[in-house]
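Enquirer: A structural model of the following input is requested.
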Amino acid sequence: MKRLLIILIFLPFLAMSQEKDSLLLKRNESDSRKSEKTTSNKKLTKSDSIATIDQYKIISLKNDTTYVDTSLTIQKEYKFNYLRKDNFGLLPFSNEGQTYNRLQYSLNSVSSYPQFGFSGKHFNYMQVEDIKYYNVATPMTELYFKTVMEQGQMIDAFITLNTSERLNFAIGYRGLRSLGKYVNQLSSNGNFRFITSYNTKNKRYFMKAHFTGQDLTNGENGGISNLSDFEGEDPDFNDRPRLDVYALDANSVMKGNRFFVDHYFRINKEKTNNNLFINHQFNYENKFYEYNQPTIFTQISDDISDRVISRFGDSYNSSNIKDKTRYNRMYNKVGATYENATLGQFQFFIEDFRYNYFYNRTIINETESIGNLLSDEFNIVGGQYIYQKNNWNGRFLYSNSISNQKMSNLDASASYKFDERNNIHFRYQNLSKVPDHSYNLFQSSYVDYNWQNSFENEKINTIEVAANTQWATAALNISSYEDHLYFQDTNANFDVLTVKPLQYSKSINYLSLKVSKEFKFGKFAIDNTFLYQKVDQEDDILNVPDFVTRNTIYYSDHIFKKALYFQTGFTFSYFTKYFANDYNPVLGEFFVQNQREIGGFPTVDFFLNAKIRNTRIYLKAEHFNSSFTGNNFYSAPNYPYRDFIVRFGLVWNFFS
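Expert: Here you go, the predicted model:
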């Protein structure tokens, strides 16, 4: 929170220093033609200089470039949330800044390298691919603000500037504090990022780099312990703090720092039809996950009995559990790239990946000994071919381990652009993935949450086809999983969770089809997204809803002599019932359960959004139908979904 206070102190001075009318942003062709006419009739002075929107570039790690967009669209409405992206297929928990349950399994991003684990804590953790780089004509500031559920707020403050055409700096901080509606549900999160990019005057050397410091803290109440209190009609329990929860004082903390550099140098002095580059990428990251629970035992009162339980079973401690898992990794990639104007790019590379995943103790009991360290080094060789010419864009990558630990990755994709409104994309990926660390080693003060395994690599085959056309947008995903790793509750007692990692020896086949289409009728529009999923498996391991839908009907118009543009409407969301994964805060992971279904409840949101100059204002009544459709809405078997709430926020861009 100290970083947030510093940014809040200085942001008003940054805003005051920017003149309102010093910049004209042209958003369409008519503005562009008007600017050209003005330029031709009048010699521009320094004070009359005009910066066009294409001079405010947002660049991904793969050099895909977009431009700053201050328009108000229905897609911006979908992205106005904590993750700052469309979260269709994700089901948020009741408080902002908590985890998400997955409704769409194909959203999983998979790497062949072993990851830290604790995947339930990584939805709002910024990865390397989430960091964007900038090149701007003048300093640009963006402020994001949104109210939360109770006693707090969320802000995302960001500023970027070019000290010259070749050197850019950017700094940002996303901070959140929200008490939540239920007992012990506080979220207090922070994501700091410092970003820079540089290229030499002769454009032989290019560099992107960033530093991130992230801390995510959540109260972990374990869900409500008596579902009948929540689902019943007793108005006393509409005051959500009256509902009993499994843990009154538990919390989890994940912190991580990352240093990242990606750069390359062209060997030949002048760029020609044949060029040779040397590439290097460096990534060092350290993290830890900590679960704290001062009070272990909980008193449960329901229709069955009054009893005292330990939610996660027996423990070595009678109180004050403090489990801490530490992790660091270092990644280096060195390669050489040959570029031919006709043939494309050919790259050969070597990767070195090493990690330490560890605890500060060794556990020895009567039956086994649990070590305290996983440490290894991977050496990978591979090649990549990139072709981009006319309407074709293709990429083929293959890498394979030459060290003792085996892994491989084959990733081939191709895109064809018919015209500005129609394109199609194909992708095939074959992965041999090393298990994430928390599957192979975990230590806890809870007796049943200690293990050391040596699981086989997961084998994943995926085919993706995506089409963006003037008629509709569609995406097909077909995947097969061998030796699939998952967590499952092995205890038949619903009050006590004994979650273990398991590996499924049989095949799992998964299919998803997602279709989106917007229909416009004058100033009215209907935006529809439908998702169909099907899983072929002998046992219920990979569980997803068959259907997920989001439908928005809205009205758009200008008022006040076109000084204000607004959109207002309703969004309907629904998914069919299924055995959703449950959440375990000790592990920071979701686990398979087949005892309780969730879903089958509609949510309806009303929104009113407006745009004034470069400011977008958002007002939403979320889940306003909750009071008259029954309390059967859940994000996970013991975690209720969000109640009706009215929230306000804005996104404000400054240009100077």
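Enquirer: now the helices for the stretch 51-200 of the chain?
Expert: Ranges of helices in the stretch 51-200 of the chain, per DSSP state H, counting those that start in this stretch, are 74-79.
Enquirer: and residue 522, how many neighbours?
Expert: Residue 522: 8 surrounding residues under other Cβ atoms under 10 Å. C-betas here are computed from N, CA, C, even on glycine.
Enquirer: can you list phi and psi of it for me?
Expert: Torsion angles at residue 522 (phi, psi; degrees, to the nearest 10) stand at phi 70, psi -120.
Enquirer: list the residues that contact it.
Expert: Counting by Cβ atoms under 8 Å, 6 or more residues apart in numbering, residue 522 touches no other residue.
Enquirer: separation between it and residue 607?
Expert: Per Cβ to Cβ, to the nearest Å, residue 522 is found 20 Å from residue 607.
Enquirer: next SSE after whatever helix or strand residue 570 lives in?
Expert: Per DSSP states H and E: residue 570 is located in strand 564-575. Remark: after strand 564-575, the chain's next helix or strand is strand 582-584, criterion DSSP H and E.
Enquirer: just checking, what packs against that following strand?
Expert: Here strand 582-584 is seen to pack against strand 589-591 when contacts are counted using 3 or more Cβ pairs under 8 Å, 6 or more residues apart in numbering; DSSP states H and E.
Enquirer: can you tell me the element residue 378 falls in?
Expert: Taking DSSP H and E as the criterion, residue 378 maps to strand 373-389.
Enquirer: in that strand, which residues are buried?
Expert: 374, 378, 380, 382, 384, 386 (16 or more other Cβ atoms under 10 Å).
Enquirer: all the strands of the stretch 301-450 of the chain, residue numbers only.
Expert: Using DSSP state E, counting those that start in this stretch, the strands of the stretch 301-450 of the chain run over residues 306-310, 321-340, 344-358, 363-364, 369-370, 373-389, 392-401, 408-419, 422-433, 441-442.
Enquirer: paired strands for the next helix or strand after the last one, with orientation please.
Expert: Sequence order places strand 451-452 as the next helix or strand after strand 441-442, per DSSP H and E. According to DSSP bridges, strand 451-452 forms sheet pairs with strand 441-442 (antiparallel).
Enquirer: report the distance from the strand it pairs with to the chain centre.
Expert: Centroid separation for strand 441-442 versus its chain: 25 Å, with Cα atoms, centre = their mean, to the nearest Å.
Enquirer: for that strand, what is the average pLDDT?
Expert: Per-residue pLDDT over strand 441-442 has a mean of 97.
Enquirer: now stretch 204-218
Expert: The pLDDT scores in stretch 204-218 average 97.
Enquirer: mind listing what's buried in that stretch?
Expert: For stretch 204-218, the neighbour count (16+ other Cβ under 10 Å) marks 204-212, 214-218 as buried.
Enquirer: centre of the chain versus it, how much separation?
Expert: Offset of stretch 204-218 from its chain centre (Cα atoms, centre = their mean): 15 Å.
Enquirer: just stretch 126-146 next, same as before
Expert: Here stretch 126-146 is found 16 Å from its chain centre; the criterion is Cα atoms, centre = their mean.
Enquirer: just the CA trace of that stretch, in CSV.
Expert: Taking Å, rounded to 0.1, in the frame of the first residue of the first chain, the C-alpha atoms of stretch 126-146 are listed here in CSV:
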residue,chain,number,x,y,z
MET,A,126,0.8,-10.3,-14.0
GLN,A,127,2.8,-12.7,-16.2
VAL,A,128,5.5,-11.8,-18.7
GLU,A,129,3.0,-11.8,-21.6
ASP,A,130,0.6,-9.4,-19.7
ILE,A,131,3.2,-6.6,-19.7
LYS,A,132,2.9,-4.2,-22.6
TYR,A,133,5.5,-1.7,-23.9
TYR,A,134,4.8,1.8,-25.3
ASN,A,135,5.9,4.4,-27.7
VAL,A,136,4.1,7.7,-27.3
ALA,A,137,4.4,11.1,-28.9
THR,A,138,3.7,13.0,-25.7
PRO,A,139,3.3,11.8,-22.0
MET,A,140,0.2,9.7,-21.5
THR,A,141,-1.5,9.0,-18.2
GLU,A,142,-4.4,6.5,-17.5
LEU,A,143,-6.4,6.4,-14.3
TYR,A,144,-8.7,3.5,-13.5
PHE,A,145,-11.0,3.7,-10.5
LYS,A,146,-13.8,1.4,-9.4
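Enquirer: could you report the pLDDT at the most centrally placed residue in the chain?
Expert: Nearest residue to the geometric centre of the chain (Cα atoms, centre = their mean): residue 123, 4.5 Å. Note on residue 123: pLDDT of 94.
Enquirer: separation between the closest residue in space to it that isn't next to it in sequence and residue 381?
Expert: Leaving aside its chain neighbours, residue 123 sits nearest to residue 100 (5.0 Å; criterion: Cβ to Cβ, 6 or more residues apart in numbering). The gap separating residue 100 from residue 381 is 37 Å, by Cβ to Cβ.
Enquirer: burial count for residue 246?
Expert: For residue 246, using other Cβ under 10 Å, the count is 22.
Enquirer: wait, isn't it in contact with residue 220?
Expert: No. Contact criterion Cβ atoms under 8 Å: residue 246 and residue 220 do not qualify, at 9.0 Å.
Enquirer: can you give me the buried ones in the strand holding residue 570?
Expert: Across strand 564-575, burial judged by 16+ other Cβ under 10 Å covers 565-567, 569, 571, 573-575.
Enquirer: in CSV: the residues you listed, plus distance to residue 59.
Expert: Output for these, formatted as CSV (distance: Cβ to Cβ, whole Å):
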residue, distance to residue 59
565, 28
566, 32
567, 29
569, 33
571, 32
573, 33
574, 37
575, 36
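Enquirer: tell me which of those is nearest to residue 554?
Expert: Closest approach between the buried residues of strand 564-575 and residue 554, by Cβ to Cβ: residue 569, at 2.6 Å.
Enquirer: go ahead and name everything in contact with stretch 447-460.
Expert: Residues contacting stretch 447-460 (Cβ under 8 Å, 6+ apart): 110, 312-316, 363, 368, 370-371, 406-407, 429-435, 439-444, 479-485, 498-501, 503, 586-587.
Enquirer: run the last query once more with 6 Å
Expert: 313-314, 363, 370-371, 431-435, 439-444, 481-483, 485, 498, 503, 586 (Cβ atoms under 6 Å, 6 or more residues apart in numbering).
Enquirer: any idea of the mean pLDDT in it?
Expert: On average, the pLDDT along stretch 447-460 is 95.
Enquirer: alpha carbons of it, in PDB - could you do that?
Expert: Written as PDB, here are the backbone C-alpha positions of stretch 447-460 (Å, rounded to 0.1, in the frame of the first residue of the first chain):
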ATOM      1  CA  VAL A 447      -0.900 -33.900   8.600                       C
ATOM      2  CA  ASP A 448      -2.700 -35.000   5.400                       C
ATOM      3  CA  TYR A 449      -1.200 -32.200   3.400                       C
ATOM      4  CA  ASN A 450       2.300 -33.500   3.100                       C
ATOM      5  CA  TRP A 451       3.600 -35.400   0.100                       C
ATOM      6  CA  GLN A 452       6.500 -36.000  -2.200                       C
ATOM      7  CA  ASN A 453       5.800 -37.600  -5.600                       C
ATOM      8  CA  SER A 454       7.500 -38.200  -8.900                       C
ATOM      9  CA  PHE A 455       4.700 -37.900 -11.500                       C
ATOM     10  CA  GLU A 456       5.000 -38.500 -15.200                       C
ATOM     11  CA  ASN A 457       4.900 -35.600 -17.700                       C
ATOM     12  CA  GLU A 458       1.500 -34.500 -18.900                       C
ATOM     13  CA  LYS A 459       0.900 -35.000 -22.600                       C
ATOM     14  CA  ILE A 460      -1.400 -32.400 -24.300                       C
END
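Enquirer: about what we covered before: CA atoms only for the strand holding residue 570, dumped as PDB, please.
Expert: Extracted C-alpha coordinates of strand 564-575, given in PDB (Å, rounded to 0.1, in the frame of the first residue of the first chain):
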ATOM      1  CA  LEU A 564     -21.600  13.200 -24.300                       C
ATOM      2  CA  TYR A 565     -21.900   9.700 -25.700                       C
ATOM      3  CA  PHE A 566     -23.600   7.000 -23.700                       C
ATOM      4  CA  GLN A 567     -24.600   3.400 -23.700                       C
ATOM      5  CA  THR A 568     -27.200   1.700 -21.500                       C
ATOM      6  CA  GLY A 569     -28.600  -1.700 -21.300                       C
ATOM      7  CA  PHE A 570     -28.800  -5.200 -19.700                       C
ATOM      8  CA  THR A 571     -26.400  -8.100 -19.600                       C
ATOM      9  CA  PHE A 572     -27.800 -11.600 -19.100                       C
ATOM     10  CA  SER A 573     -25.400 -14.400 -18.100                       C
ATOM     11  CA  TYR A 574     -26.100 -18.100 -17.500                       C
ATOM     12  CA  PHE A 575     -24.300 -21.500 -17.300                       C
END
